[in-house]
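K.L.:
Output the structure for:
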Amino acid sequence: MIYWITHSLGRIVGHLFFRHRTLHRELIPERGGALLVANHVSYLDPPVISIAFRKPIYCLGRKSLFKGFLGWLLPRIQVLPVDLGKGDLASMKRILRLLKEGNRVLIFPEGTRSPDGTLQSAEAGIGFILAKGDVPVVPLRLFGAHECWPRDAKWPRPGRITVVAGPPVDVSSLPPELTGRERYQACADQVMKALAAIQLES
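P.N.:
Just a heads-up that it's a prediction; the model follows:
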């Protein structure tokens, strides 16, 4: 119930203040397990991607956010506490379990918000999930979110935010000789290339 209330409010705010739109919706999976990968440019990223979906998805959030009111709210809107940058194996296993159960999970390969809106390098820890997930990997690129709420701004400002979906990424096509951390990093880098290939249509 709480998820649907926040989702509905998010859609209203998204359309009124950010003229939210989604392009190539036919590529967005609404059922079955899928790993959703997106660029990270703003605090707005998780909600504006979530409202692009008609059915619930899971998102990741820094463990440090789960305090006070947010500690109560975030689990109820399907946000998972995680610290992938420090080898949070328990969280990774939980994500893989959710994928296996047929859920859609959103991750940000860059790990943290871009300071200038451009694509950053991916973290190898994300690559572990990409390599082990055994589900479709769907890239989603955000345009306009950085301009609406950049990393150094205290408050958001109105603008246009667009979510553009790209074709699934086949991380299983990597050379078999790549193993361990090297393979995980290659998976993450391949996803970043797929995100870079997505362009905003006029």
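K.L.:
how far out from the middle of the chain is the worst-scoring helix or strand of the chain on mean pLDDT?
P.N.:
Least confident helix or strand of the chain, by mean pLDDT, DSSP states H and E, is helix 124-132 with a mean of 86. The chain centroid and the centroid of helix 124-132 are separated by 14 Å under C-alpha atoms, centre = their mean, to the nearest Å.
K.L.:
Counting by contacts, list what that helix packs against.
P.N.:
If you count contacts as 3 or more C-beta pairs under 8 Å, 6 or more residues apart in numbering; DSSP states H and E, helix 124-132 packs onto strand 34-38, helix 89-100, helix 180-197. Backbone N, C-alpha and C define where each C-beta goes, glycine included.
K.L.:
Could you export the ones you listed as TSV, including mean pLDDT and distance to residue 129?
P.N.:
Converted to TSV, the helices and strands packed on helix 124-132 look like this (pLDDT from 0 to 100; distance: least, C-beta to C-beta, whole Å):
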stretch	mean pLDDT	distance to residue 129
strand 34-38	97	7
helix 89-100	91	6
helix 180-197	92	9
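K.L.:
okay, these, which one's buried deepest?
P.N.:
Most buried of the helices and strands packed on helix 124-132, by mean neighbour count (mean count of other C-beta atoms under 10 Å): strand 34-38, with a mean of 25.
K.L.:
who touches the least confident helix or strand of the chain?
P.N.:
Helix 124-132 has contacts (C-beta atoms under 8 Å, 6 or more residues apart in numbering) with 35, 37, 84-85, 87-88, 92, 95-96, 107-109, 111, 137, 171, 181, 183-189, 191.
K.L.:
List the beta-bridge partners for residue 139.
P.N.:
In this structure, residue 139 bridges to residue 37 when assessed by DSSP bridges.
K.L.:
Begin at 341, not 1, for the rest of this chat.
P.N.:
Okay, using 341 as the starting number, the last item reads as residue 479.
K.L.:
Pretty sure it sits against residue 503.
P.N.:
No - using C-beta atoms under 8 Å, residue 479 is not in contact with residue 503, being 10.9 Å away.
K.L.:
Setting aside sequence neighbours, what's the nearest residue to residue 370?
P.N.:
residue 395 (5.0 Å; C-beta to C-beta, 6 or more residues apart in numbering).
K.L.:
Please list all residues in contact with residue 505.
P.N.:
The neighbourhood of residue 505, defined by C-beta under 8 Å, 6+ apart, consists of 362-365, 367-368, 478-480, 538.
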